[in-house]
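**Student:** build the 3D model from these lines:
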Amino acid sequence: MNKSLLLMLCACSTVYAESRALPPVVDNSIYPGGSAGFSSTAPSANAMYEVLGRLEQLQLEVQQLRGMVEEQSQTIVDLKKRQGNIYSDLDLRLQELSSKTTRLKSAESGQKIPAATAVVSVSPVVKQSAEDVKPVVNENKAPSIVSEKDRYQAAYEMLRNGHNNRAIKQFKALILASPKGEFADNSQYWLGEAYKVNQNLISAKEAFLKVVTDYVGSPKVPDALLKLGYIEFEMNNMAEARDYLTQITVAHPDTTAAHLAAKKLKQMGDMLL
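**Tutor:** Okay, the predicted model is just below:
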């Protein structure tokens, strides 16, 4: 009987054990807290680092471009100054050539060459050093030690050699001492040119205007009008620039300034198309 009871207990425990189900297998990788969720954040961090790297590279390139722009701007300023000095030297050489031509024609016709002209041929302007001439300015009277011509030559040499600020002072002193002198109109014109080379357009404009208003019959008037047109063009005052340039072509048609003014007017017309 004991054996029968034992066999029954074994059979019941077996049936109970088989009736119990195994616990389900859970895949944690599908949840945000799983390992797959952690790996999905890695590309976002890498992308952020990549964007930061590109931003730093762009900032470096912008700094390099700014340096290049500043360098080019300084180069343009230097070129403008050099161009102004070259133009000044060319104008002086043309004046000398004109004076020599006049003397040759006078000699061929048997006329006596004036003493002042003879001095010019012996001492050309280009060989006179600005450092050798130190004009003495007196507020009450014109200088007696150095002539007006020598003072003008010294001031012009300063401008031609690039000493623009010193040339401005000398031209202003010469105009103040001899406002109606032989070289007053030229001094007034080159004063404006010196201001223009220094990119002081307002003062240059005032100086060139005085050439037009105070020295009406001067051969420098067409050139002063041309520079006024150029200055208004640089200041983007197109109407005023066109007025000055047109005035040259009408009032002084046979001058070099009129030819340059016509070219500038054509350029402005092409710009409006």
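**Student:** what ranges in the protein fall below the confidence cut-off?
**Tutor:** 1-43, 63, 67, 71, 74, 77-78, 81-103, 105-145, 271-273 (pLDDT under 70).
**Student:** the domain parsing of it - what is it?
**Tutor:** Following automatic domain parsing, the chain resolves into domains at 78-101+114-204, 219-273.
**Student:** ok, and the closest non-adjacent residue to Cys170?
**Tutor:** Cys isn't right for residue 170; it's Gln. Ala155 (3.5 Å; C-beta to C-beta, 6 or more residues apart in numbering). Any C-beta I mention is one placed from the backbone N, CA and C, and that applies to glycine too.
**Student:** verify the stated contact: the one you found with Leu174.
**Tutor:** Yes: with contact defined as C-beta atoms under 8 Å, Ala155 counts as touching Leu174 (6.2 Å).
**Student:** neighbour count winner among the two?
**Tutor:** Ala155 (30 against 27; other C-beta atoms under 10 Å).
**Student:** distance of that one from Tyr189?
**Tutor:** 12 Å (C-beta to C-beta, to the nearest Å).
**Student:** returning to what we had before: so the residue nearest to Gln170 is in which element?
**Tutor:** Secondary structure from DSSP states H and E places Ala155 in helix 148-160.
**Student:** and whatever helix or strand comes next after that helix, what's buried?
**Tutor:** Following helix 148-160 in sequence order, the next helix or strand is helix 164-177 (DSSP H and E). Across helix 164-177, burial judged by 16 or more other C-beta atoms under 10 Å covers Asn164, Arg166, Ala167, Ile168, Gln170, Phe171, Lys172, Ala173, Leu174, Ile175, Ala177.
**Student:** make a markdown table from those residues and add distance to Gln57 to it.
**Tutor:** Output for the buried residues of helix 164-177, formatted as a markdown table (distance: C-beta to C-beta, whole Å):
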| residue | distance to Gln57 |
| --- | --- |
| Asn164 | 43 |
| Arg166 | 48 |
| Ala167 | 48 |
| Ile168 | 48 |
| Gln170 | 53 |
| Phe171 | 53 |
| Lys172 | 53 |
| Ala173 | 57 |
| Leu174 | 58 |
| Ile175 | 58 |
| Ala177 | 63 |
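**Student:** and which of those is nearest Leu226?
**Tutor:** Closest to Leu226 out of the buried residues of helix 164-177 is Phe171 (19.2 Å), distances taken as C-beta to C-beta.
**Student:** excluding its backbone neighbours, what's nearest that closest one?
**Tutor:** Among residues not flanking Phe171 along the chain, Leu191 sits closest, at 4.1 Å (C-beta to C-beta, 6+ apart).
**Student:** need phi/psi at Phe183.
**Tutor:** phi -110, psi 10 (degrees, to the nearest 10).
**Student:** let me know how buried the residue lying closest to it once chain neighbours are set aside is, in neighbour terms.
**Tutor:** In space, and not counting its chain neighbours, Phe183 is closest to Tyr152: 4.0 Å by C-beta to C-beta, 6+ apart. By the criterion of other C-beta under 10 Å, Tyr152 has 24 neighbours.
**Student:** residues in contact with Tyr152?
**Tutor:** Leu174, Phe183, Asn186, Ser187 (C-beta atoms under 8 Å, 6 or more residues apart in numbering).
**Student:** that one and Gly192, how far apart?
**Tutor:** Counting by C-beta to C-beta - Tyr152 and Gly192 are separated by 15 Å.
**Student:** now the residue nearest to Phe171: which helix or strand?
**Tutor:** helix 184-197.
**Student:** any chance you could list what contacts that helix?
**Tutor:** 80-81, 84-85, 87-88, 152, 155-156, 159, 164, 167-168, 171-172, 174-175, 178, 201, 203-208, 210-211, 214-215, 218, 220, 223-224, 227, 231.
**Student:** show the buried residues in those.
**Tutor:** Applying 16+ other C-beta under 10 Å to the contacts of helix 184-197 flags 81, 84-85, 88, 152, 155-156, 159, 164, 167-168, 171-172, 174-175, 178, 204-205, 207-208, 210-211, 215, 218, 220, 223-224, 227, 231 as buried.
**Student:** number of residues surrounding the spatially closest residue to Ser203 that is not a sequence neighbour?
**Tutor:** Of all residues not flanking Ser203 in the chain, Tyr195 sits nearest, at 4.2 Å (C-beta to C-beta, 6+ apart). The local packing of Tyr195 (other C-beta under 10 Å) involves 22 other residues.
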